[in-house]
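> Structure for this input, please:
(chains A and B)
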Amino acid sequence: MNVANEMVRILGKDRVLDTEEDRLAYAFDGTMLTGVPDVVVFPRCTEQVQQVLCFANREGVPVYPRGAGTGLSGGSIPDGGIAMVMIDMDKILEIDRENLLCVVEPGVVTETLQKAAEAMGLFYPPDPGSLKACTIGGNIAENAGGPRALKYGVTGDYVLGLSVVTPDGGFVRTGGRTVKNVTGFDLTSLLVGSEGMLGVVTRAILKLLPHPEAARTALASFSSVESAAEAVSEIISRGIIPTALELMDDVTIRCVENYVKMGLPLDAGAILLIEVDGPRCLVDEQIVKVASACEDARATRIEVARDEDERDKLWKARRSVSAAVVQLNPTKISEDATVPRSKVAQLVRRLKQIAREYDVKMAVFGHAGDGNLHPNILANRRDPEEMKRVEEAVGALFEAALELGGTLSGEHGIGLMKARYLQKEAGETGIQMMRAIKRALDPNNILNPGKMLWG
Amino acid sequence: MEKLTDLKTQIDRCSKCGNCQSVCPLYAVEKRETHVARGKIFLLDRLTDGQTRWTKRLQEVMSTCLLCRTCVTNCPNEVQAERLIRAAREEAGSTLGLSFWKKSAFHFLLTSGGRLNLLARLLWVYERSGIQKLVRSSGLLGQLPWGLAEKESALPRAASRAFSSQVPQVVTAHTPRMRVAYFYGCMTNHAYTGTGHSTVRVLTQNGASVVLPRQLCCGLPALASGDRGTAERLARENIRLLSQTPFDYVVTDCASCGSMLKEYGELLGDGAAVPFSAKVKDVTELLAGPLGFTPGPVPFRAKITYHDPCHLKRYQGIYTQPRALLSAVQGISFTEMKHADACCGSAGSFNITHYRLSTAVGGQKAANVMKSGAESVATGCPACRLQIERCLKAAGSRISVLHTVDVLASTYGEV
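Numbers count the residues shown, from 1 in each chain, chains lettered A, B, ... in the order given. I've put the predicted structure just below:
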């Protein structure tokens, strides 16, 4: 049996790739991990996905579903088998203004959906960092978050219903078009964040909101991460939930300033980028409260954007982080350890200790409002000795997050990267429970084998 | 020669975040990882690590790029993908060889003004004698291999006589304030001779005397295809030819030639090339800068939009100048189209080697031009112009495509 030939029979010649070069182009995601598929396929409809899985289940060929391949946990990395790329199923089928929902195929790019919703005065809030490229299918599989999660929640909070192809090629609809739905087990929630191991989403019904009228932005500098953390609790205790509460530590500030020269204070210990959104009269009031909360937390400098241009300038600091930190070293290992909001300052302190202890370059930034930090280790992947220290440092930072009552992953997922740490958080029984679910739904271990539960 | 292994740090900087997917014009029409920068960079990483070798398919993957630099300007880690891809093409060319067609074109045609002239004349005869009509209606093209029918339709309409043979070697301005050497390039010389006359007219009207030295192909088609040897040879010869008479600036109205001439310094890295490149200016750059531009009295009554050539905006940073010049013309109603700086898909010989992809990218450009409501579209590169003309025609539109200087020249009235 030749898998590629069979795939051509099901999908047609132009939807199947099997040269070495083409297979290599689907061997990676946004991490450093790689694994080469035997064949790459691009289904165009639910029936084709079913046929591929029917065949794979019968013949025992593993299938690795994939969206845009921008994941940060290795969740879509193949190991032989079939890489099933969902990006050609990319239609927005419906935007229902009356019921505030949309129906989309999995290959729709997140930003494309946001723009389509916005054109109708509606709002799809989840905003993962890769939103210009990543797809809804991948967002659902990893339950992706983003800066706005503090106020608006994560992808899973917007999934009302799913159409799913099961590992043996069957088909199931979960949830529906209603906000309330308590009929049976909550299969939608089970599938959200299941990292392509329990089924392949071929259609999703997503909740939308009315688009907020206005947004205001402020940038505040602090002498230490502690004062920045104090500002975060001050803001929230005054009844304001900002859309964004982005923290940058001293290393990040220096990288960014060195890189874009926008006049950031080089002696600052931390910077907070704060954005509120809502009705215009309300945000104008809230941004004043935000500024005074920062003042009370001994901010050394506060800038409030007066117009769209100024707002864009303040965001430039945050947007430049990625390019700025790679100036330290070319290889970036981005983690997403998350702790309760009140423990953010402690986590940053522990991270700095870890960086010193393992002698790695680390920039810490991320979503301070929901405790989801992104410690980024900057290394040189061609130096095996350094990479070993990086690996140990990553292990230590997971320990730190768990000790502070947090979690391994706030928004990237477990995939391959964190599989061997899962037991520390989920416990043996937790893992056994997850494995039991996996075995019940996918007895032949066809869909995305080797991920998450088999660290 | 820039070796791939010397560019390892560029390869290492790629975090494979996927931002290139969201802006790549080729990915927009056909969503395959081999089209975008990160896919190519991953393959080059394997190659430079010695885990894979050059194959025809790898060469084809590297050739499937418009070199439009859109991903480069949007890359959070500032990976210079187009440098990598050019170096890869060069290495592929020296390892596997160039295609028969390209090799013949670079070595035989482009290195000699005379031979290119002869081809242009033959093309003119083919197009005007009725042979083209006969060939097209005979169905003969459809019988030929290599998709020749499509390729034939992408040919420029050749001029009966080259621009260079229609003008004197020096055209003096009334009260000259500077002297410029005009590098008109192959396309203006053989297809858009009118633009050549427009450029000379606008320059002299604004106080620049124009010298028209003998010249050869700028070398970009060869360099972009990985034939650095030919490109270097052409660069040296052009510097020698143009430097035979003194000039304040070298001016060109071709975005592609301009970016290449500005790169001579880096390409050859010698004492003659670096100062030469420093004196190269696009015609709109010169007019909006050191020379200045005063429009003539004749209004240009039309709604017009502007297409940014990749080689002007992303290679030379020129995009405000043409808009400012056009807006200075009386009677013009200027309107921006959506995605004005999106690549038109021409990309040199890409529209011949990858006709289908090129046409799909060009179709989107044509659609945006049509949606803008403009009656004319101006641009700064004859290759873009040819592509946009072809794609507008295919979409059934009668919107005219002009070079920016054609609009500027029209303000001085009929000759």
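> all contacts plus neighbour counts: C-alpha atoms, from now on.
Noted.
> Give me the pLDDT for residue 212.
If you meant another chain, say so; for now it's chain A. Residue A:212 carries a pLDDT value of 97.
> actually chain B
pLDDT recorded at residue B:212 is 96.
> Look at the residue in the stretch 1-150 of chain B positioned nearest to chain A and give its secondary structure.
Of all residues in the stretch 1-150 of chain B, the one sitting closest to chain A is residue B:77 (4.4 Å; CA to the nearest CA). Assigned by DSSP: H, G, I helix; E, B strand; the rest coil, the conformation of residue B:77 is coil.
> now do the one 5 residues further on
Using three-state DSSP as the criterion, the local structure at residue B:82 reads helix.
> check contacts around it.
With contacts defined as CA atoms under 8 Å, 6 or more residues apart in numbering or on different chains, the neighbours of residue B:82 are B:67-69, B:72.
> Dump the residues you listed to a markdown table, plus pLDDT, neighbour count and secondary structure.
Below are these laid out as a markdown table (pLDDT from 0 to 100; neighbours: other CA atoms under 10 Å in any protein chain shown; DSSP: H, G, I helix; E, B strand; the rest coil):
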| residue | pLDDT | neighbour count | secondary structure |
| --- | --- | --- | --- |
| B:67 | 96 | 22 | coil |
| B:68 | 96 | 24 | coil |
| B:69 | 97 | 23 | coil |
| B:72 | 96 | 22 | helix |
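> Make TSV out of those and add distance to chain A.
Formatted as TSV, the contacts of residue B:82 follow (distance: CA to the nearest CA, whole Å):
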residue	distance to chain A
B:67	19
B:68	19
B:69	17
B:72	12
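> can you put these in JSON lines and add distance to residue B:334?
Written out in JSON lines, the entries for the contacts of residue B:82 read as follows (distance: CA to CA, whole Å):
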{"residue": "B:67", "distance to residue B:334": "28"}
{"residue": "B:68", "distance to residue B:334": "25"}
{"residue": "B:69", "distance to residue B:334": "26"}
{"residue": "B:72", "distance to residue B:334": "29"}
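> so which of these comes closest to residue B:345?
Distance to residue B:345, by CA to CA, is smallest for residue B:68 among the contacts of residue B:82, at 8.7 Å.
> which residues touch that closest one?
B:82, B:310-311, B:314, B:343, B:347.
> So which of the residues you listed wins on neighbours?
residue B:310 (29 neighbours; other CA atoms under 10 Å in any protein chain shown).
> now it, nearest residue through space, not along the chain?
Among residues not flanking residue B:310 along the chain, residue B:68 sits closest, at 5.3 Å (CA to CA, 6 or more residues apart in numbering or on different chains).
> what are the phi and psi angles of that neighbour?
phi -80, psi -10 (degrees, to the nearest 10).
> does the residue lying closest to residue B:242 once chain neighbours are set aside sit in a helix, a strand or a coil?
In space, and not counting its chain neighbours, residue B:242 is closest to residue B:213: 5.8 Å by CA to CA, 6+ apart. Following three-state DSSP, the label given to residue B:213 is coil.
> and residue B:213, how many neighbours does it have?
The burial count for residue B:213: 20, using other CA under 10 Å.
> Dead centre of chain A: give me the residue that sits there.
residue A:144 (3.7 Å; CA atoms, centre = their mean).
> what does the host helix or strand of residue A:424 rub up against?
In the assignment (DSSP states H and E), residue A:424 maps to helix A:422-441. Contacts to helix A:422-441, defined as CA under 8 Å, 6+ apart, come from residues A:166-167, A:197-198, A:402, A:407-408, A:414, A:445, A:452-453, A:455.
> which of those residues count as buried?
A:166-167, A:197-198, A:402, A:407-408, A:414, A:445, A:452-453 (16 or more other CA atoms under 10 Å in any protein chain shown).
> Starting from the helix or strand where residue B:305 lies, tell me the next helix or strand along the chain.
Element membership for residue B:305 (DSSP H and E) is strand B:302-307. Next along the chain after strand B:302-307, taking DSSP H and E as the criterion, comes helix B:310-316.
> What residues does the stretch 151-300 of chain A have near chain B?
For the stretch 151-300 of chain A, no residue is in contact with chain B (CA under 8 Å from any CA of the partner chain).
> And the helices in the stretch 101-250 of chain B?
Ranges of helices in the stretch 101-250 of chain B, per DSSP state H, counting those that start in this stretch, are B:113-128, B:131-138, B:140-143, B:148-153, B:185-190, B:193-205, B:220-225, B:228-242.
> sorry, back to before: looking at the contacts of residue B:68, which one is closest to chain A?
Chain A has its nearest neighbour among the contacts of residue B:68 in residue B:82, at 17.8 Å by CA to the nearest CA.
> Quick check: buried residues in stretch A:43-57?
Quick answer for stretch A:43-57 (16+ other CA under 10 Å): A:43-44, A:46-57.
> anything in it near chain B?
No: using CA under 8 Å from any CA, stretch A:43-57 stays clear of chain B, with a minimum separation of 12.7 Å.
> Relative to the whole chain's centre, how far out is that stretch?
In terms of CA atoms, centre = their mean, to the nearest Å, the centre of stretch A:43-57 is set 27 Å apart from its chain centre.
> got the contact list for that stretch?
Contacts to stretch A:43-57, defined as CA under 8 Å, 6+ apart, come from residues A:7, A:10-11, A:15, A:62-63, A:84-86, A:88-89, A:165-171, A:202, A:444, A:446.
> just the strands in the stretch 301-450 of chain A please.
All strands of the stretch 301-450 of chain A, identified by DSSP state E, counting those that start in this stretch, fall at A:301-304, A:331-334, A:361-367, A:372-379.
> residues of the helix or strand harbouring residue B:39 that come out buried?
Using DSSP H and E, residue B:39 falls within helix B:37-48. Buried residues in helix B:37-48, defined by neighbour count with 16+ other CA under 10 Å: B:37-45, B:47-48.
> can you check stretch A:258-274 too?
For stretch A:258-274, by 16+ other CA under 10 Å, it's A:259, A:264-266, A:268-274.
> for the chain, which spans come out with low pLDDT?
Went with chain A since none was named. Along chain A, segments meeting pLDDT under 70 span A:455.
> look at chain B instead
Across chain B, the ranges flagged by pLDDT under 70 are B:1, B:100-101, B:103-104, B:106-116, B:121, B:124-126, B:128-131, B:133-154.
> near chain A, which residues of it?
B:9, B:12-13, B:15-19, B:21-22, B:31, B:33-34, B:39-40, B:42-43, B:57-58, B:76-78.
> on that earlier part again, need the contact list for the residue of the stretch 1-150 of chain B closest to chain A.
When contacts are counted by CA under 8 Å, 6+ apart, residue B:77 is found next to A:322-324, A:326, B:13-15.
> For residue A:188, which residues are in contact?
Per CA under 8 Å, 6+ apart, neighbours of residue A:188: A:159-162, A:174-175.
> Please repeat the previous calculation with a cut-off of 7 Å.
If you count contacts by CA atoms under 7 Å, 6 or more residues apart in numbering or on different chains, residue A:188 has them with A:161-162, A:174-175.
> Specify which member of those is nearest to residue B:92.
Nearest to residue B:92 out of those is residue A:162 (CA to CA; 46.7 Å).
> Quick one: neighbours of the residue of the stretch 201-350 of chain B found nearest chain A, just the number.
Taking CA to the nearest CA, chain A has its nearest neighbour within the stretch 201-350 of chain B at residue B:338, 15.0 Å off. Using other CA under 10 Å, residue B:338 has 14 neighbouring residues.
> quick check, it in a helix?
No: the assignment for residue B:338, made by three-state DSSP, is coil rather than a helix.
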